[in-house]
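> Got a predicted model here, sequence first, then my questions.
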Amino acid sequence: MVRPEQEVIRRHVAVVAEVAATLGPANGPCARREADFGAVLGRLAGDEGPIPAHMAGVMGSFRAGLFAGGGAADRVPDNLELERWFRLMKGHERRIHGRRHAGVRIVQEGPTLAPALDARAAHPEPFRAEDLLPYRLARVPDCQRQAIHRRKVMRKARSKKRRPQLLAELERRYLGLS
């Protein structure tokens, strides 16, 4: 009964596997993989239907960042599984997602997040208390504090339950200033 739909899905899965084969550095030099990626993208753009059109749109938006740096980027390992396990800053947040926006987490928490998460690169052994003493009086930068505050206000504004409370608080604050 569902065999025709499964056949269509199998074809889509084969295309996704073909795209994945163009991404890994183990599958050849960057120039060849980029050409293969372009060929798959061109084929998908010419196909009919919403799924190939969506795949082509996603591939087109990622294309700029995927092959940035050429062959030199292939020598840089990107251990996404390791980053996920240790909740490190994700590779796509740093460099590979191919979009213009850096991501909410880096924009709002970046001034303290990036140095803290990358500290393990400069200090491979476990931190001792003496290593952390210089940072005991460190303060969160004002720009980060303000960004986090704006995020909290906007979350309240989007919530149907908390919006009236936020509006009342803002009105009280406004009337107090007048």
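Thanks, I have the structure now.

> longest helix of the protein?
helix 3-21 (DSSP state H).

> ok, and for that helix, which residues are buried?
Of the residues in helix 3-21, those scored as buried under the neighbour-count criterion (16 or more other C-beta atoms under 10 Å) are 15, 19. C-beta: built from backbone N, CA, C; applies to glycine.

> let's have the chain start at 864 instead
Noted, 864 is the first residue going forward, which turns the last one into helix 866-884.

> now this protein, which segments are flagged as low pLDDT?
Within the chain, the segments meeting pLDDT under 70 span 932, 934-966, 969-970, 977, 980-981, 1041.

> where exactly do the helices run in it?
If you assign secondary structure with DSSP H, the helices in the chain sit at 866-884, 893-909, 913-929, 943-948, 954, 967-980, 982-985, 992-995, 1005-1021, 1026-1040.

> Single out the most deeply packed of the ones you listed.
Highest mean neighbour count of the helices of the chain: helix 954, a mean of 17 (counted as mean count of other C-beta atoms under 10 Å).

> Show me the contact partners of the longest helix of the chain.
Around helix 866-884, the neighbours that count as contacts under C-beta atoms under 8 Å, 6 or more residues apart in numbering are 890, 899-900, 903, 907, 914-915, 918, 922.

> now swap in stretch 1005-1024 and tell me
Residues lying outside stretch 1005-1024 but in contact with it, judged by C-beta under 8 Å, 6+ apart, are 967, 970-975, 1025-1026, 1028-1029.

> quick one: that stretch to chain centroid distance?
For stretch 1005-1024, the distance from its own C-alpha centre to the chain's C-alpha centre is 21 Å (C-alpha atoms, centre = their mean, to the nearest Å).

> Make JSON lines out of the contacts of helix 866-884 and add distance to residue 870.
Conversion of these to JSON lines gives the following (distance: C-beta to C-beta, whole Å):
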{"residue": "890", "distance to residue 870": "27"}
{"residue": "899", "distance to residue 870": "25"}
{"residue": "900", "distance to residue 870": "25"}
{"residue": "903", "distance to residue 870": "20"}
{"residue": "907", "distance to residue 870": "18"}
{"residue": "914", "distance to residue 870": "13"}
{"residue": "915", "distance to residue 870": "15"}
{"residue": "918", "distance to residue 870": "17"}
{"residue": "922", "distance to residue 870": "23"}
